[in-house]
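In: I'd like to go over a predicted model; first the sequence, then the structure.
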Amino acid sequence: MRIAVIGGGNMGSAMTRAFFRNKLVQSADVCFVEPDAEKRAALAGEFGCQILDSCSETLREYDFILLAVKPQIAIKVMQTLKSGMDSKQVVMSIMAGVSIKTISETLNHARVVRIMPNTPSQIGEGMSAYYAESSILPEEKQTIAQLLEACGKCIEVPDESWMDAVTAVSGSGPAYLFYLAEQMVSAALAFGFNETDAVTMVAQTLKGAVLLWENSGISPQILRKQVTSPGGTTEAALNVFEARNVGPSIQQGIQRACERSRELSRQ
């Protein structure tokens with residue numbers, strides 16, 4: 001398996017790091033295309049693989065092409081890429097809001113997979129979802145799943161339209177948790193804790209809660225009820241959240257994120 005990574009930024013390099021960590025590739029199997037000289041030097045030092053400053057015919061040698069550039073420059077990058085491609089290659093895009101139709105038409109290439117990872121992929125704890133065009137073979141999908149599982153966990157969705165919901169739930173999801181963490185840390189500081197203790201207390205509480213959920217196999221609703229004693233402190237806090245419509249507001253926010261993803265795709 002040979003992979004050309006277009007874009008050596010945070011996500012492209014993090015995913016590649018996971019591929020190496022899980023021994024899915026070796027240095028000879030990977031090529032980066034990165035225009036920034038400082039980033040090229042860093043990538044070469046870390047991975048010891050071929051590094052190009054622009055797309056070229058060399059990329060025809062690779063089985064998979066991972067498009068990991070910002071959506072704002074997607075069209076420009078793909079226009080430079082298309083002349084150096086082979087029709088058998090599989091293009092994997094992690095560009096948020098860029099549809100398969102746009103990618104296929106710009107590259108004049110039919111074999112495209114759209115992927116939505118999230119930032120915990122940088123430490124091998126990510127959540128990714130992908131949609132593959134019908135031209136992608138079962139064994140190729142198996143390889144794609146293997147690559148994404150090196151970064152955490154993954155699911156395949158039945159239609160590209162689901163990617164907007166994936167973006168809203170798991171793509172943006174870490175920010176929702178960080179927002180909750182911000183509020184909890186602020187509350188702890190208001191109680192008089194120093195910042196180090198406040199951050200430690202909140203981070204471990206969230207980490208422990210997620211691990212308990214994951215390991216127990218119990219729904220979050222039941223776990224919440226197990227913590228909530230009638231007339232107790234937890235119930236007092238939850239009553240305030242309910243009175244302020246925090247739950248419905250969170251759901252509305254996620255729905256708005258999904259709608260925004262659709263808007264960006266159309267643009």
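Out: Arrived safely. Quick caveat, the model's predicted, so the values are computed rather than measured. Numbering: from 1, shown residues only.
In: For Arg21, give me its contacts.
Out: 124, 150 (Cβ atoms under 8 Å, 6 or more residues apart in numbering). Where you see a C-beta, it was placed from the backbone N, CA and C, and this is true even at glycine.
In: I'd like to know which elements the helix or strand containing Asp197 is packed against.
Out: Taking DSSP states H and E as the definition, one finds Asp197 inside helix 195-216. Contact here means 3 or more Cβ pairs under 8 Å, 6 or more residues apart in numbering; DSSP states H and E; on that basis helix 195-216 packs against helix 173-191, helix 220-227.
In: highest average neighbour count across these?
Out: helix 173-191 (a mean of 13; mean count of other Cβ atoms under 10 Å).
In: Wait, Pro229 touches Ala237, no?
Out: Not quite, residue 229 is Ser, not Pro. No. Using Cβ atoms under 8 Å, Ser229 is not in contact with Ala237; the gap is 12.0 Å.
In: picking that back up, would TSV of the helices and strands packed on helix 195-216 with distance to Val25 and mean pLDDT be doable?
Out: As requested, the helices and strands packed on helix 195-216 are exported to TSV (distance: least, Cβ to Cβ, whole Å; pLDDT from 0 to 100):
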stretch	distance to Val25	mean pLDDT
helix 173-191	26	98
helix 220-227	37	97
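In: can I get these in TSV with distance to Ser93?
Out: Putting those into TSV (distance: least, Cβ to Cβ, whole Å) gives the following:
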stretch	distance to Ser93
helix 173-191	20
helix 220-227	32
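In: Can you tell me which of the ones you listed is nearest to Pro158?
Out: Pro158 lies closest to helix 173-191 among these, at 20.5 Å (Cβ to Cβ).
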